[in-house]
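1. pasting the sequence and the predicted model now:
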Amino acid sequence: MVLLRHVGVAILMAAAPLVVAQYTLVNHAVQYGRTEMQAAALRYVSQGEHVIADTLSQLRELHQAGHTSCRADDRVAFRRQAHQQSFVREFGLLDSNGFAMCAEPMESMQTTAMLPKYDPNAPIVALGLLNEESKGAKAAIIGWHVANGIRIYARLEPDAIWGDLGPEYLRPYRHVGISLGGNATWLSLGTHLDEDSDSGSNLIEEVAKSSRYPIAVHISAQQSALMKIVGSLEFLIKIAAGLFGTVFVLLAIWMNRKPEQEDEFVLAIRNSEFVPYYQPVMDLVTGQLRGCEVLVRWVRPDGTVVSPGMFMHYAETSGHIFEITRQMMEKTVIEVGELYKDNPSFKLSVNLFAGHFEDRTIIGDVEDIYGGGPIAYEQLVFEITERQPLRDIDQARKIMAELRSLGAKVALDDAGTGHGGLAYLQKLGIDIIKIDKMFIDALGSDHSSTSIVDLLVELAGNLGMGIIAEGVETMDQIIKLREMGVTTAQGYIFAPALPAKMYIELARALTGHITDKEPIQIEDETTQAA
């Protein structure tokens, strides 16, 4: 009798939420779809604004530096600037008729005008599109007038604006159109929808426009498409009704049995035993705290701390690293959010692994956790290690470009030790190079290691990247690094990775006593840096 009673209760418990879920899906499908479409449109606008703003900044720098001719030194500057931008194919000069005079990196010259003939009454900035197309996107041209009708221009990659944004379930049923400078189509993605068709009256559209540049995004979908998706879910719900009943019956039978012992690692994730430790990153010139790198530690219930080397490989190969990374980011907001809100110049470095760059999940996680919170996007640095190969470089580049469009930076960890090499620096749009500890350990005693550090410092300088030395442990290393031009470092000579409370106390002490006018004084081996 007890079992039958449990079975009856189980069936009732299964039926009630299914009925409610079906009603909710039908009534909110269209509104939910509109919300998702508007969010996607706004993200396309943000991406376009970032691309144009960043490119204009580069053109302005070239102009201010006097690179306004096709001389050899100017062409070198064009080439160097192009290598710094993952979404810019080339920089060059246009004559007053809009034809290319020179371009770097050198490719086949465009035989038609790239921009309209120069108009003295026109704005200093000109925008245009070429017929070159890739995946529905056209290559944009951005021109900056310098003198006598001559314009410095940047030719963007067609996929600078490309991105299959928005919910995955809606992509087969919607069309995205992005216009630049009026009616010129920059991107056309998805199925074109006909307003004159029988279903045209059911066409819904969301529009977002930029307040800074002539960018307009139109996303449209047929209302019936949304209802078809709901219809599929309704069908699944009907099937699930029987399955839920079965599941609840089984639960009723097994409810008095003790569950088997869960996998220790999964249980540790559920119990939130993986916690962030914070290793300070210091300025070698001023002695100021620049921020920290977030390192994961496994703290067992008995207080035992397990180092990452004991579990990280398993976490990555099993896929548990994704949930651990989410927990780490969530805890940084709770633990050091107030500190970073009070110190907007502080950087927070979060480690990602190759699997994070295979789809856009990490973008959603970053937006959900840090969007509108106390730690600004501009304070975030996401580190990708060179020790693991990226399966899809193009996909990784797009994910990193989205992170950068939010305002975050991307750093290459373990530089010089793994698979990517210079190809990562060239293709991924890296902002910061981190020199691996193995090279720092051998400074001054191994010529090849010293040469590699010199090369990385020179490369970072030429490409406009930041550079950080890892694993610094002696004053000799600090002195040598400063002589080589490295101004930022982390390591045990400053502090190991610290629990949140200790890191906050250190940060408060340093920000309360160290200013830009108080540089580190390096005198002998007993001098304390930072």
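-> Done, it's in.

2. care to break the protein down by domain?
-> Residue ranges for the domains of the chain, per automatic domain parsing: 1-257, 265-513.

3. lowest-confidence stretch among the ones you listed?
-> Of all these, the minimum mean pLDDT falls on domain 1-257 (a mean of 79).

4. helix, strand, or coil at G98?
-> Secondary structure for G98, judged by DSSP: H, G, I helix; E, B strand; the rest coil, is coil.

5. turn the domains of the chain into a markdown table, columns for mean neighbour count.
-> From N, CA and C alone the C-beta is placed, and that goes for glycine too. Shown next, in a markdown table, are the domains of the chain (neighbours: other C-beta atoms under 10 Å):
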| stretch | mean neighbour count |
| --- | --- |
| domain 1-257 | 16 |
| domain 265-513 | 18 |
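
6. so where do the helices sit in this structure?
-> Counting by DSSP state H, the chain has these helices, from start to end: 2-64, 72-84, 223-254, 264-270, 312-318, 321-342, 361-370, 393-406, 422-427, 437-441, 447-463, 475-484, 500-513.

7. mind checking which of these is nearest A184?
-> Closest of the helices of the chain to A184 is helix 2-64, at 12.8 Å (criterion: C-beta to C-beta).

8. for the nearest residue to Q38 once chain neighbours are set aside, which residues make a bridge with it?
-> With sequence-adjacent residues excluded and distances taken as C-beta to C-beta, 6 or more residues apart in numbering, Q38 is closest to E206, at 4.4 Å. Beta bridges link E206 to I219, judged by DSSP bridges.

9. ok, E206 - contacts?
-> Contact analysis of E206 by C-beta atoms under 8 Å, 6 or more residues apart in numbering lists 34, 37-38, 41, 218-220.

10. which one of the residues you listed sits closest to A126?
-> Out of the contacts of E206, the member with the shortest distance to A126 (by C-beta to C-beta) is H218, at 23.6 Å.

11. from memory the closest one sits against E205, does it?
-> Yes. Counting by C-beta atoms under 8 Å, E205 is a contact partner of H218 at 6.1 Å.

12. for I468, give me its contacts.
-> Going by C-beta under 8 Å, 6+ apart, I468 touches 281, 411, 432-435, 486, 488-490.

13. same list (the residues you listed) but as TSV, adding distance to K331.
-> What follows is the contacts of I468, written out as TSV (distance: C-beta to C-beta, whole Å):
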residue	distance to K331
V281	19
A411	21
I432	23
I433	27
K434	23
I435	28
V486	30
T488	25
A489	25
Q490	20
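
14. thinking again about what came up before, from the contacts of E206, pick the one nearest I178.
-> Within those, the smallest distance to I178 is 7.8 Å, found for H218 (C-beta to C-beta).

15. related to what we said a few turns ago, which one of the helices of the chain lies closest to S188?
-> Closest to S188 of those, according to C-beta to C-beta: helix 2-64, at 12.3 Å.

16. quick revisit: and the furthest pair within the contacts of E206?
-> Greatest spacing in these, by C-beta to C-beta: R34 and H218 (13.4 Å).
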